[in-house]
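*Asks:* Provide a 3D model corresponding to the input given below.
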Amino acid sequence: MEIVKIPRMEKQDYDALITEGYVSRIAFLGEKYPYIAPFLYVFDGNFMYFLSTRYGKKIRYFRSNPYVSVEVERYSQDLSCYMFVTLQGRLEEVEDAIEKKKIRGKFVNMIKLKKLSKNILAALGILPQEPIETIAAEERSILWRLTGVTDIVALQNM
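*Replies:* The predicted structure is shown next:
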């Protein structure tokens, strides 16, 4: 029996996948098992940025070990076509006020462009009745950047 390997993606293809997407999964090193959670993200061509509420297990795991795996995927409803990229790197909190304002604005624009439900605001510590611009106007969430990517696995069956 022959084993079929899923073809690898080229850099421009997985960059396009990351650029087009907006939901990822981040795996943190947990106490006994990995802890995986979904995150909204934006990609500026160099870095992936994530917004996180200021509470929950992810904060404790990030503080104890910022090394993570990030996964972005796209697939057809019947799974006949799929692609995914997994990046292993380190999360760091964005501290610069100007950079934070700029990136938070990118999240506002992405939510509007993708026509996401305002219910997503609750995942960022904001009431859905509040304006989307609250993301940029107030710092109710933490802004992380993925850096130091050491390994990328990008596969597709298209």
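*Asks:* in the protein, what helix or strand scores lowest on average pLDDT?
*Replies:* Of the helices and strands making up the chain, the lowest-confidence element is helix 134-137, at a mean of 92, by mean pLDDT, DSSP states H and E.
*Asks:* what helices or strands is the next helix-or-strand element following that one leaning on?
*Replies:* Sequence order places strand 142-157 as the next helix or strand after helix 134-137, per DSSP states H and E. Judged by 3 or more CB pairs under 8 Å, 6 or more residues apart in numbering; DSSP states H and E, the packing partners of strand 142-157 are helix 11-20, strand 48-52, strand 82-93, helix 97-113. Glycine gets a C-beta too; all of them are placed from N, C-alpha and C.
*Asks:* swap the cut-off to 7 Å and go again
*Replies:* In this structure, strand 142-157 packs against strand 48-52, strand 82-93, helix 97-113, with contacts taken as 3 or more CB pairs under 7 Å, 6 or more residues apart in numbering; DSSP states H and E.
*Asks:* returning to that earlier point: the least confident helix or strand of the chain: which residues count as buried?
*Replies:* 134-136 (16 or more other CB atoms under 10 Å).
*Asks:* not counting stretch 95-112 itself, show me its contacts.
*Replies:* Taking contacts as CB atoms under 7 Å, 6 or more residues apart in numbering, the residues outside stretch 95-112 that touch it are 22, 40, 42, 49, 51, 94, 120, 132-133, 135-136, 143.
*Asks:* quick one: average pLDDT of that stretch?
*Replies:* Mean pLDDT, stretch 95-112: 95.
*Asks:* give me the distance from it to the chain's centre.
*Replies:* Offset of stretch 95-112 from its chain centre (CA atoms, centre = their mean, to the nearest Å): 14 Å.
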